[in-house]
Each structure stands twice: as C-alpha cells, then as structure tokens.
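Chemist: 3D, please:
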Amino acid sequence: MDTNVARPILKAASLKDSTMPTPVSDWFLELQGVSKSFAPRSEGESRVEAIQNISFNIHAHEVVSIIGPSGCGKSTLLNLISGLEPPDSGKIFLKQKEVSEPSSTVAFMLQKDLLLPWRSIQQNVEFGLEMTKTPKARRAEIAAELLSRFGLKDFARAFPTQLSGGMRQRAALARTMALQPDLLLLDEPFSAVDAQTRLSLQRELALTLAQAKKAALLITHDLSEAVLLSDRVLVMSPRPGRIVSTIDIQLPAREDPFQRRKHPSYPSYIEQLWDLLHINESGATPGSQR
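Modeler: Predicted coordinates:
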C-alpha cells in the first residue's frame with residue numbers, strides 16, 4: 001500500500017455520543033437506543049442479547065453499510081427496521097413515523113434469491129406487484145423495463161432453474177426494485193456469487209440506487225463492497241452488537257464502483273476497516289477483502 005497517500009479523516013463516534021437518543025427529526029431513517037435479546041435455546045441458559053442501545057440516522061437517498069464480526073446482530077437489526085420484529089427497547093422511525101409493522105415502502109433482499117421456481121422470471125418480478133393489486137398491464141410494463149435494465153430481457157419466460165446464480169440475483173434485484181421502495185435493506189445480497197459476477201452486480205446496484213435516488217442499508221462482510229457502495233460505513237462490536245465507529249466515505253462517483261476503486265484514497269479506507277475490526281491482531285477475517 002502506498003504510504004504516501006493521505007489517509008482520509010476517520011470520524012469515529014464515541015459510544016456515549018452514538019447511543020444518545022435524539023428527538024424525531026427530518027432524518028429519513030432514525031434509530032433511538034434500540035436493543036434486542038432472544039429467549040435461551042435451553043433451560044438454564046440466560047437470554048441472548050443480540051444488539052444493545054443502537055442509535056444512528058440515515059438521510060434520504062443515502063447508502064449506508066454495516067460491517068462487524070459474525071453474530072454481532074447485523075441481520076437482527078435489519079429485521080427490526082423492516083418491522084418483522086419489535087425491539088425490546090428503543091424506537092425506530094421511518095419518515096418520522098414509528099415502525100411497528102412491515103411496510104410496502106421497505107424492501108428486503110437476502111443472500112438467497114428466493115425466486116419461486118414454478119413462476120417465470122417475469123412472473124417472479126411481478127409477484128410483489130400482484131400483492132399490491134397493481135393492474136396487470138402496469139405490472140408487465142414495470143417488469144419489462146426492469147428485466148431490460150438488468151440484462152434479462154431475453155429470459156423473461158425462463159424459469160429460475162434455467163438461470164445462473166448471478167442471473168437469479170439480478171432477477172431478485174429487479175423484483176425488489178419493482179415495488180419502488182423508499183428504503184432497501186440488503187443482507188449480503190451478493191455473497192453467494194463468484195467474484196466476477198459480484199463486481200458486475202455491485203455496479204448495477206450502485207447505478208440503480210443512484211438513478212432511483214433510493215436509501216439503502218447494506219450488510220456485508222466484504223470491506224471493499226462496503227467502501228465502494230456506500231456514503232458511510234458503520235462498524236459494530238461483537239455481540240451484543242453496538243455501533244462503535246462511523247466512517248464517512250469521501251470518494252466521488254458512488255454510482256460507479258469501478259471508478260471508486262481507482263481513487264488513491266480507496267486503500268486507506270480498507271486499511272481503516274481492517275484496523276477497526278482487529279483483523280491483523282486476531283488473524284481472522286470477517287469475509288472477503290477484495
């Protein structure tokens with residue numbers, strides 16, 4: 001690594017500052033002192049505290065990544081934000097409204113594509129629109145536009161088993177975007193594909209988020225992915241998960257990860273994340289560092 005490259009300023013919020021609840025404001029997404037624990041698996045064990053006193057905010061159109069060791073509560077956090085589960089304490093607000101149940105304005109994309117094998121790719125993309133009673137003609141129009149955007153126009157009538165893993169993830173992304181959500185929750189969406197496909201999908205996601213002006217919260221173990229796709233990266237501690245540091249990614253061209261990778265400051269962000277996760281000290285890595 002070029003030691004002459006100036007290291008970008010690391011804005012690390014103290015635990016005290018990052019956990020102080022604040023009044024509901026004009027933030028797009030706001031978490032105030034959120035904690036969650038789960039019942040023990042067997043008698044005699046204590047409750048498992050997944051996350052503890054989590055507070056952070058996201059602007060409209062902002063993309064934020066969360067990294068941290070396995071088991072620190074990252075996926076639990078997304079479940080709470082989506083309204084699938086309630087927090088034990090604290091509050092979550094989306095567009096100044098407290099989250100108490102799932103909302104059609106929030107979309108989830110997971111590691112597995114979860115496409116329905118008995119439906120064609122176009123029918124899979126239209127599935128959420130059917131649930132919202134969107135007229136048939138409009139569903140077809142939206143699906144056709146998205147399939148074309150993600151290079152799947154010629155596979156609209158194909159079934160998921162006829163597509164590669166990368167193509168299925170493109171279809172899953174198209175299905176997610178079809179609902180035109182205000183907030184995308186992405187739980188390691190590209191972890192199951194090969195490196196070349198992953199790079200292509202990262203670029204497509206980045207461009208889509210920029211063009212559609214959507215807010216997104218991305219969980220990833222790939223430090224490079226966190227830097228290339230995000231405006232900010234939040235670093236979590238081991239369980240119970242807490243936000244221990246925040247890094248502002250001051251790189252241009254968020255819509256083009258390939259260009260960001262060429263920026264002279266890019267390696268410095270990766271080095272900071274390595275240091276924050278104590279990778280060199282433990283000898284373990286949280287995932288791919290491409």
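
Chemist: going by C-alpha atoms from here, please, whenever you check contacts or count neighbours.
Modeler: OK.

Chemist: list the contacts for residue 235?
Modeler: Contacts here follow Cα atoms under 8 Å, 6 or more residues apart in numbering; on that basis residue 235 touches 66-68, 243-246, 276-277.

Chemist: wait, residue 246 sits on residue 231?
Modeler: No. Counting by Cα atoms under 8 Å, residue 246 stays clear of residue 231, with 10.6 Å between them.

Chemist: and the contacts of residue 235 as TSV, adding secondary structure?
Modeler: Listed next are these as TSV, based on DSSP: H, G, I helix; E, B strand; the rest coil:
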residue	secondary structure
66	strand
67	strand
68	coil
243	strand
244	strand
245	strand
246	strand
276	helix
277	coil
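
Chemist: Validate this expectation: residue 37 resides in a strand.
Modeler: Yes. Judged by three-state DSSP, residue 37 forms part of a strand.

Chemist: what's the neighbour count on it?
Modeler: 17 (other Cα atoms under 10 Å).

Chemist: in contact with residue 191, which residues?
Modeler: By Cα under 8 Å, 6+ apart, the contact set of residue 191 is 111, 198.

Chemist: now do the SS call for residue 270.
Modeler: Three-state assignment for residue 270 (three-state DSSP): helix.

Chemist: how far away is it from residue 85?
Modeler: According to Cα to Cα, to the nearest Å, residue 270 and residue 85 sit 33 Å apart.

Chemist: tell me where the stretch 151-290 of the chain has strands.
Modeler: Along the stretch 151-290 of the chain, the segments classed as strands by DSSP state E, counting those that start in this stretch run 183-187, 215-219, 232-236, 243-248.

Chemist: would JSON lines of the ones you listed with distance to residue 130 and mean pLDDT be doable?
Modeler: Below are those laid out as JSON lines (distance: least, Cα to Cα, whole Å; pLDDT from 0 to 100):
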{"stretch": "strand 183-187", "distance to residue 130": "19", "mean pLDDT": "93"}
{"stretch": "strand 215-219", "distance to residue 130": "24", "mean pLDDT": "95"}
{"stretch": "strand 232-236", "distance to residue 130": "35", "mean pLDDT": "95"}
{"stretch": "strand 243-248", "distance to residue 130": "38", "mean pLDDT": "94"}
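
Chemist: tabulate the ones you listed in CSV, adding columns for distance to residue 108.
Modeler: Shown next, in CSV, are the strands of the stretch 151-290 of the chain (distance: least, Cα to Cα, whole Å):
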stretch, distance to residue 108
strand 183-187, 5
strand 215-219, 10
strand 232-236, 19
strand 243-248, 22
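
Chemist: wait, which of these is closest to residue 126?
Modeler: When those are compared by Cα to Cα, strand 183-187 sits nearest residue 126, at 17.5 Å.

Chemist: packing partners for the closest one?
Modeler: On a contact count with 3 or more Cα pairs under 8 Å, 6 or more residues apart in numbering; DSSP states H and E, strand 183-187 meets helix 74-82, strand 106-109, strand 215-219.

Chemist: so what angle separates the directions of that strand and helix 74-82?
Modeler: Inter-element angle recorded for strand 183-187 and helix 74-82: 160 degrees (by axes from the mean of the first three to the mean of the last three Cα atoms, to 10 degrees).

Chemist: strand 215-219 and strand 183-187, what's the angle between them?
Modeler: Relative orientation of strand 183-187 versus strand 215-219 (the same axes, to 10 degrees): 10 degrees.

Chemist: what lines up beside strand 183-187 in the sheet?
Modeler: strand 106-109 (parallel), strand 215-219 (parallel) (DSSP bridges).

Chemist: quickly compare those and say which is most buried.
Modeler: Highest mean neighbour count of those: strand 215-219, a mean of 24 (counted as mean count of other Cα atoms under 10 Å).

Chemist: who touches it?
Modeler: 58-67, 74-75, 182-188, 209, 226.
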